[in-house]
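Trainee: coordinates for the following, if possible.
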Amino acid sequence: MDQKPKPNTFDAIVVGTGISGGWAAKELCERGLDTLVLERGRDVRHVVDYTTAHQAPWELPHGDRLTAAERKRKHIQIRSEIVEPSNQHWFVNDDEHPYIEEKPFDWIRGYHVGGRSLTWGRHCYRWSDLDFEANAREGVGVDWPIRYRDLAPWYDHVEAFIGVAGQAEGLSQLPDGKFLPPMPLNCLEAHVRERMRERFSDRRMTIGRAAHLTQAHLGRGQCMYRNLCMRGCPFGAYFSSNAATLPAAVVTKKMTLRPHSVVTEVLYDDRAGKAVGVRVVDAETKKTEDFFARVIFLNASTLGTSFILLNSVSRRFPNGLGNDSGELGHNLMDHQFMTGAFGNFGGFADRYYSGRRPTSAYIPRFRNVKSKTSRYLRGFGYQAGASREDWTRAIAEVSVGAALKQALAEPGPWRMGMTAFGECLPHHDNRVKLDRERPDPFGLPQLSIAAEHRENERAMRGDMRDSAAEILEAAGFTNVETFDLPSPLGSCIHEMGTARMGRDPKTSVLNANNQVHGAPNVFVTDGACMTSSACQNPSLTYMALTARAAAFAVSELDKGHL
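Mentor: Next up is the predicted model:
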């Protein structure tokens, strides 16, 4: 009887359809595995379900501003300041999906097929050994079990598929990749780039490396420079699971996609000594159903995956699947940002720009690169942009008739802003846990979060702010002002950690191949696996880790090791 296939049985199960889940689905299916892909939210069909993608401003209610009732339903999601009526359908109702903030934490989420791959910032930067070696070099956290050479071919693999527009710069701390033609810097950004070369030997401005197609690529159309990306791109010009990886999985006829499937735990067979499947609550009927597979990939996002692992309790793992080390749920990180500077520029009055470029300029990390130069560890980078003030500046003008028309017709002066993204160190006390006393609407425990920026981040923050002003002043800007707004963990939407990779099962949750220690047929390749945070946007690294782990998983299956 035990030898008969169980119903609901597949070769592999992937939990989540976002950035990493889409990649897991594509890679496993293309390598021949019958793969069940589970998504807790609704289905979203590419193009068809981007319902606001072509709406003009006057077709949107309330000037594309949320009503009081909408803001109440999304009282946490609106902290990101990116939620509008034209994209609010990509963000959860916070009343229906609660969590506990022991300390302020902005958990920005989208529960639907594609997840946050439909709303991510699309900046794609490789990490270097400056990042992978930092923990070991400085005695922080635990050492990454991999180095840049382990991931470099997988960065190649991922970039060749998703399409990354960028400019090679030859910087050791920001390795070049396989780039499509870059989007151009505008005239003021190009001026700042040249002034930085003259004034700062260690600093460089380049165009942001972004997953936007500057030419048609693998059946997807090129960017139209509308900068309406948050509504969903009907041209497929920016990378998303819906536009790229999930369609690739569909072509194989190996994928079964099941939306409305809330995974509550991984099923572990104590007798067999391995994970055998997952338990699902149907989001519409609330019925429970089990699914089985030889390999399980958890890609439910950092905190979603943490929840599943913590809630997966068995005789072998009484404190959560893979939690022999006691590190599961700990070492939560996010980048710090919302600080920098802006200023005015008096030149280029005869110059303008065309289109709405959907990426910014970028200044890679320059602190503590070749040697330690600051009173804090690690470093930061900037995303920056220059533009001319538009007609809205005339709203406050005291003018009528021809004078008002003339003011509206002419663009205003040039301005430029710079926002820093700084590294956050892993701290054991920055953690999440389950609160079983306060169940959510599904009857499941709520995730309780206690995490905050620490002394090193606070020391870095002043430099992040002041260095932005220094760069603008050196480039000839006037009326330079700095800003420093509240930025609790979560607000950058780059949450990482809680199930970190490591070399020692006594101090980590995952090994060098993203396998759970003690349950090697379970892989975690989303943000939960991260051992440190670097200062670069992390999604490209998630994708590379996922493709690498999927190839390894199939190889191990073929060898009979899983």
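Trainee: secondary structure element for the closest residue to residue 78 other than its chain neighbours, which one?
Mentor: Closest residue to residue 78 apart from its sequence neighbours, by C-beta to C-beta, 6 or more residues apart in numbering: residue 71 at 5.6 Å. From N, CA and C alone the C-beta is placed, and that goes for glycine too. Using DSSP states H and E, residue 71 sits in helix 68-73.
Trainee: residue 266 too?
Mentor: Assigned by DSSP H and E, residue 266 falls in strand 261-269.
Trainee: again, but for residue 281
Mentor: Here residue 281 sits within strand 274-282, counting by DSSP H and E.
Trainee: show me what counts as buried in that strand.
Mentor: By 16 or more other C-beta atoms under 10 Å, the buried positions in strand 274-282 come out as 274-281.
Trainee: list the strands paired with it, with their directions.
Mentor: Taking DSSP bridges as the criterion, strand 274-282 forms sheet pairs with strand 261-269 (antiparallel), strand 288-298 (antiparallel).
Trainee: residues touching it, excluding its own?
Mentor: 8, 13, 15, 38, 258, 260-269, 287-293, 296, 308, 321, 442, 444, 516, 519-522 (C-beta atoms under 8 Å, 6 or more residues apart in numbering).
Trainee: can you flag the buried ones in those?
Mentor: Here, 16+ other C-beta under 10 Å leaves 8, 13, 15, 38, 258, 260-268, 291-293, 296, 308, 321, 444, 516, 519-522 buried among the contacts of strand 274-282.
Trainee: mind jotting down where the strands sit in the stretch 351-500 of the chain?
Mentor: 361-363, 380-388, 414-422, 431-435, 446-450, 478-484, 496-498 (DSSP state E, counting those that start in this stretch).
Trainee: need the mean per-residue confidence for the third one.
Mentor: What it means is strand 414-422. The average of the pLDDT scores along strand 414-422 is 98.
Trainee: same check, this time on the fifth one
Mentor: pLDDT averaged over strand 446-450 equals 98, rounded to a whole number.
Trainee: centre of the chain to it, how far?
Mentor: Offset of strand 446-450 from its chain centre (C-alpha atoms, centre = their mean, to the nearest Å): 20 Å.
Trainee: burial measure for the closest residue to residue 254 other than its chain neighbours, as a count.
Mentor: In space, and not counting its chain neighbours, residue 254 is closest to residue 29: 4.0 Å by C-beta to C-beta, 6+ apart. Residues lying near residue 29 (other C-beta atoms under 10 Å) number 27.
Trainee: can we start the residue count at 692 from this point?
Mentor: Got it, the first residue is 692 from now on, which makes the last one we talked about residue 720.
Trainee: tell me how far the residue nearest to residue 769 lies from residue 773.
Mentor: As defined by C-beta to C-beta, to the nearest Å, residue 762 lies at a distance of 13 Å from residue 773.
Trainee: do the same with residue 1213
Mentor: Distance from residue 1213 to residue 773, by C-beta to C-beta: 33 Å.
Trainee: what does residue 1132 give?
Mentor: Residue 1132 sits 25 Å away from residue 773, going by C-beta to C-beta.
Trainee: who has more neighbours out of these two?
Mentor: Shown here are residue 1132 and residue 773; by other C-beta under 10 Å, residue 773 has more neighbours (15 against 10).
Trainee: is it true that the more buried one touches residue 810?
Mentor: Yes - if you go by C-beta atoms under 8 Å, residue 773 and residue 810 touch, sitting 7.4 Å apart.
Trainee: now list whatever residues contact both of these two.
Mentor: Both residue 773 and residue 810 are contacted by residue 921, under the criterion C-beta under 8 Å, 6+ apart.
Trainee: mean confidence for stretch 859-869?
Mentor: In the prediction, stretch 859-869 has an average pLDDT of 98.
Trainee: what residues of the worst-scoring helix or strand of the chain on mean pLDDT count as buried?
Mentor: One helix or strand of the chain scores below all others by mean pLDDT, DSSP states H and E: helix 1092-1100, with a mean of 76. By neighbour count on 16+ other C-beta under 10 Å, the buried set for helix 1092-1100 is empty.
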